[in-house]
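Participant: Dropping the sequence and predicted coords here.
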Amino acid sequence: MFNCPSAETPRPLTQARRRLPIAAAVAVVLLVAIAGAYLVFDHAAERAKRHACAKTLSSIGQAMLLYQQENRSEFPATLAVLLEPVGASELLVCPWSKNTHLYWAGGLKPGAPPDTVIACEPVGSHPGGAHVLFADAHIEFVSNNKLKTIIAELQSGHNPPRAEMVK
Ligand SMILES: [Zn+2]
């Protein structure tokens, strides 16, 4: 008696045919893991850069407060006037982008409100934005669009920038 071929039990998959989907799945898992590791690394590296940059501006803020204690609350005419006598001219630039900080306090009267902008980085100094130093020595990381608005306010003589303009 002959066996009808269609009545045979299905042939098991060969080892090669079975291995291929597993290898593909392993490759996908590895690629996703590698891509994820790079993203985490990039994110951590950028966070470290931003932290170092914020520390630079924070040092300027502290130096400014000391300068004002010694000089009847006045602001120095330029950042160089503030930093060069103490040999800290490297603080004039962002340690990562190497962009020179923009200084906005020259000529301001003593007793400026805390939200007065002392200095900031140029737009685009870091991915997504840049740092701004305020008169009370606090630092904010703001988006490039917000920074453009802040700089436009400062250039038109509004320091502190008008709250209704900067949202
Ligand atoms: Zn920076």
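Facilitator: Yes, it's here.

Participant: so where do the helices sit in the chain?
Facilitator: Assigned by DSSP state H, the chain shows helices spanning 15-70, 79-83, 144-155.

Participant: what about the first one, distance to the chain center?
Facilitator: Read that as helix 15-70. How far helix 15-70 lies from its chain's middle: 12 Å, per Cα atoms, centre = their mean, to the nearest Å.

Participant: Same question for the shortest one.
Facilitator: On the basis of Cα atoms, centre = their mean, helix 79-83 sits 24 Å off its chain's mean C-alpha point.

Participant: rewinding a little: tabulate the helices of the chain (JSON lines), appending distance to residue 129 and mean neighbour count.
Facilitator: (Glycine included, C-beta is placed from N, CA and C.) What follows is those, written out as JSON lines (distance: least, Cβ to Cβ, whole Å; neighbours: other Cβ atoms under 10 Å):
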{"stretch": "helix 15-70", "distance to residue 129": "9", "mean neighbour count": "13"}
{"stretch": "helix 79-83", "distance to residue 129": "21", "mean neighbour count": "19"}
{"stretch": "helix 144-155", "distance to residue 129": "5", "mean neighbour count": "16"}
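
Participant: Could you dump these into a markdown table with mean pLDDT added?
Facilitator: Formatted as a markdown table, those follow (pLDDT from 0 to 100):
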| stretch | mean pLDDT |
| --- | --- |
| helix 15-70 | 79 |
| helix 79-83 | 91 |
| helix 144-155 | 97 |
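
Participant: I'd like to know which of those helices is closest to residue 163.
Facilitator: Nearest of those to residue 163, taken as Cβ to Cβ: helix 144-155 at 10.0 Å.

Participant: Which strands or helices does that closest one pack on?
Facilitator: Applying 3 or more Cβ pairs under 8 Å, 6 or more residues apart in numbering; DSSP states H and E, we find helix 144-155 packed against strand 117-120, strand 129-134.
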